[in-house]
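Participant: predicted model, plus sequence, below.
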Amino acid sequence: MKKIEHIGIAVKSIENANKIYSSLFGHSPYKTEEVKSEGVKTSFFMTGDSKIELLEATNPDSPIAKFIEKKGEGVHHIAFAVDDIESEIIRLKKEGFIVLNETPKKGADNKLVAFLHPKSTQGVLVELCQEIK
Ligand code: ZN
C-alpha cells in the first residue's frame, strides 16, 4: 500500500456538506459523481496529496444510508492507494483479512476498489483503490 488516497465521510446532504467543506478548505470540490451501483452521490476535495470524499445515499438500501442510520454522519472509510489491487486482495486474504468483494469493482473517481470488513481491521472500513489506466 502506498498512501492514504482519501478518507470517505458519510453525509446526509451532500449539498450542505459541500458548502461546509468548501469553506473549511477554501476551495470547491474538484469533482462530483454519482455511482449508481453503490447508490451514492460523491464529491471530492483535494487536500495536499490526499483527498476527502463526501458520500450521500441516493436510496434507502445504499450502504451509506445504513451506516448513517446506525452511526450517524461521520468518517465512513479510509482508502489506500495500491498499484495492483488483484495481488493485494490475494495477499490480504492470505493474511486473514475479510475481503468484502474479491473481484474489484468500479468505484468513483476512476478507480477499481475493494473493501476489507471492519471486523478484520479493528473497526475501520478499509478501501483499496487502484487508478484505472
Ligand atoms: Zn472511497
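Facilitator: Thanks, I have it.
Participant: show me which residues of the protein are close to the ion?
Facilitator: For the chain, the contact set with the ion under Cβ under 5 Å from the ion comprises Gly8, Glu53, Ala79, Glu127. For the C-beta atoms, the positions are set from N, CA and C on the backbone; glycine is no exception.
Participant: dump the residues you listed to a markdown table, plus pLDDT, neighbour count and distance to Asn18.
Facilitator: Shown next, in a markdown table, are those (pLDDT from 0 to 100; neighbours: other Cβ atoms under 10 Å; distance: Cβ to Cβ, whole Å):
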| residue | pLDDT | neighbour count | distance to Asn18 |
| --- | --- | --- | --- |
| Gly8 | 98 | 21 | 15 |
| Glu53 | 97 | 25 | 12 |
| Ala79 | 97 | 24 | 19 |
| Glu127 | 97 | 23 | 21 |
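Participant: farthest pair within those?
Facilitator: Maximum pairwise distance among the residues of the chain next to the ion (Cβ to Cβ): 9.3 Å, between Glu53 and Glu127.
Participant: quick revisit: mind listing which of the residues of the chain next to the ion are in strands?
Facilitator: Counting by DSSP state E, these place Gly8, Glu53, Ala79, Glu127 in strands.
Participant: contacts only, for the closest residue to the third one other than its chain neighbours.
Facilitator: With Cβ to Cβ, 6 or more residues apart in numbering as the measure, Glu127 is the residue that lies nearest to Ala79, at 3.8 Å, once sequence neighbours are left out. Residues in contact with Glu127, defined by Cβ atoms under 8 Å, 6 or more residues apart in numbering, are Glu5, Gly8, His77, Ile78, Ala79, Phe80, Gly107, Val113, Ala114, Phe115, Leu116.
Participant: got it, and His6?
Facilitator: Contacts of His6 by Cβ under 8 Å, 6+ apart are Phe44, Ser50, Lys51, Ile52, Glu53, Ala79, Asp109, Cys129.
Participant: could I get the buried residue list for whichever strand or helix holds it?
Facilitator: Using DSSP states H and E, His6 sits in strand 4-10. Residues of strand 4-10 classed as buried by neighbour count (16 or more other Cβ atoms under 10 Å): Glu5, His6, Ile7, Gly8, Ile9, Ala10.
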